[in-house]
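Trainee: what follows is a protein structure lacking sequence information:
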């Protein structure tokens, strides 16, 4: 018998469809990692720095020049930006009906490693720490521009996750608006807080620690678990255990701990699901709402092992074919 | 310069990213239609009626028996249903925290043709009319069960659209809840009505007829156009021009006109984008809210030519690389 489960933080119902259940071992990524450590034709590979826009930040060996090799993390503007830094966030009406504004914003690429054929799951811990420290640094810097409302850090791995670029990279987009779906999640969190006097994410963490069966990993200050109402198989959330509204408040020490649990979780997914395509996203509060009691930043990892079809588009409800408790149990058995 | 556009009916902002613009002629589907009209191993092909659950309805030649060949449209329960008709829509709390309910509902498959290697764009008009008459018949029948809140009719064509079944088919799911995203769209429509005294969909139709540049096709009573804030390239909406809240009110004559404009639009997409994977969905009002002034049923066709990536998942905002006016202009030039 299928079951409907509601996510208390978003109020979304999800169908857990046991009749079409898949075994965790059935999953497999579409494409292997590239064979070679270096690809001459890849603009993100060392030696090709002149094929990208000029770097905005790089962690590099002392004495090496900007926009040459010698870096281990390199951040550049996206060559085909979704948003560009020009103009003001004024809204206009077209023909007195449709609302539009300039596509103001920032869009950067974080090249995660000089190596072409790797992925976070396989990097050494130090390199992963540096990636997360770069996330933090860009988040703090971009949040100083008062025109930005949201800063979204995300990663697309594989074609099903929306990228054809194989060199390991993440992206940051700063937007001039708080998107509707973010606003709706915040409203639900606010309502929960008003009803219960507690952050709904804090309440979920407490419940997950008590129930244990959906936990993937725990460190002193972070938890990685599959939500009770996971929208898709192996969807995994990582949160700081103590209340923290915005990613801007993470310390360098906390960033390293986050890097550790994120890498260990990604390693379990890489091994257990055989290098699936995936997205990873850091959901922070809007830039100008960074001190509220009701919101809690979190990172989501979503393996793209199931397609979004017409039913999901028509209803906004997802059909998940793997029970989250089973998914978590399986990942707990995989080395990290 | 990219542009942000807001959909007045959903309040969602979309990024129209001209810097990464693609030419309409660049698109191409992933997989061709099957070669043969009949596939012995396909459970939806005539002669294999015993490999599916028993039919709930079929349009068939006089004198032929149920669950044998002789049909031209056949409707069966889904063998692996997302929801099943058992129990009541009572909500429960798990450990006093998480909300769940039984997966009560109905899930049917509408086999659109005895032919294995066709698609609506290529069928004759009469066959397409029968498909839409079957949609109407199932909608009316299912809406009589008071436990159902929503009836969603949809179609997945191709792997990117969420199906690996090649035989042409649609699906119907009846759900015991009004999903959150449907509720949110209705709330926005309600707010627009309260502000303006007019249905927002009626207002959009009026504006599109006035502006002309996003129209794909028009008949006496229906319009097919690309929304000003299309979420993805070639997203196309079909609506009755006169206000109609629920799909339940469509007449048999209206159904035939809808079938005509839907087929003609799908033919333009099939030819112009070279058989892309696509979803088609009929968005009706909740079953028990079928007489309201603020909601207007509509059909969406969404070619799956762009992947949903981390940014879309993080923000709920879509990046569209084809300007809707250009997309509509291109489709207008294609024969239907």
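Mentor: All right, it came through fine. Here the structure is a predicted model, which is why all the values come from computation and not from measurement.

Trainee: tally of neighbours for residue A:35?
Mentor: Residues within reach of residue A:35, counting by other CB atoms under 10 Å in any protein chain shown, total 8. Every residue, glycine included, has its C-beta placed from N, CA and C.

Trainee: who does the residue most central in space within chain A form a beta bridge with?
Mentor: Against the mean C-alpha coordinate of chain A, by CA atoms, centre = their mean, the closest residue is residue A:281 at 1.3 Å. Beta-bridge pairing for residue A:281 (DSSP bridges): residue A:154, residue A:300.

Trainee: next SSE downstream of the helix or strand hosting residue A:183?
Mentor: If you go by DSSP states H and E, residue A:183 is part of helix A:180-196. Next along the chain after helix A:180-196, taking DSSP H and E as the criterion, comes helix A:200-211.

Trainee: which secondary structure elements does that next one contact?
Mentor: Helices and strands touching helix A:200-211, as assessed by 3 or more CB pairs under 8 Å, 6 or more residues apart in numbering or on different chains; DSSP states H and E, comprise helix A:180-196, strand A:215-218, strand A:222-225.

Trainee: show residues contacting the first one.
Mentor: Pointing back at helix A:180-196 there. With contact meaning CB atoms under 8 Å, 6 or more residues apart in numbering or on different chains, helix A:180-196 is reached by A:8-11, A:150, A:198-201, A:203, A:283, A:285-286, A:289, A:293-296, B:10-13, B:184, B:315-317.

Trainee: quick one: it to chain centroid distance?
Mentor: Distance of helix A:180-196 from its chain centroid, counting by CA atoms, centre = their mean, to the nearest Å, is 20 Å.

Trainee: how many degrees apart are it and helix B:180-196 in direction?
Mentor: Angle, helix A:180-196 to helix B:180-196, by axes from the mean of the first three to the mean of the last three CA atoms, to 10 degrees: 100 degrees.

Trainee: which parts of helix A:180-196 are buried?
Mentor: Neighbour-count burial for helix A:180-196 flags A:180-182, A:184-186, A:188-189, A:192-193 (criterion: 16 or more other CB atoms under 10 Å in any protein chain shown).

Trainee: looking at the residues you listed, which is nearest residue B:305?
Mentor: residue A:181 (22.3 Å; CB to CB).

Trainee: got a pLDDT number for that closest one?
Mentor: Per-residue pLDDT puts residue A:181 at 92.

Trainee: I'd like the average pLDDT over stretch A:39-50.
Mentor: 97.

Trainee: just name the shakiest helix or strand of chain A by mean pLDDT.
Mentor: strand A:91-94 (a mean of 86; mean pLDDT, DSSP states H and E).

Trainee: whichever helix or strand comes after that one versus helix B:200-211: what angle between them?
Mentor: Next helix or strand after strand A:91-94 toward the C-terminus (DSSP H and E): strand A:98-102. Between strand A:98-102 and helix B:200-211, the angle comes out at 70 degrees (the same axes, to 10 degrees).

Trainee: can you tell me if strand A:98-102 touches chain B.
Mentor: Yes: using CB under 8 Å from any CB of the partner chain, strand A:98-102 reaches chain B at A:98-102.

Trainee: okay, these in CSV with neighbour count next?
Mentor: Compiled in CSV, the residues of strand A:98-102 next to chain B are given as follows (neighbours: other CB atoms under 10 Å in any protein chain shown):
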residue, neighbour count
A:98, 18
A:99, 17
A:100, 18
A:101, 18
A:102, 19
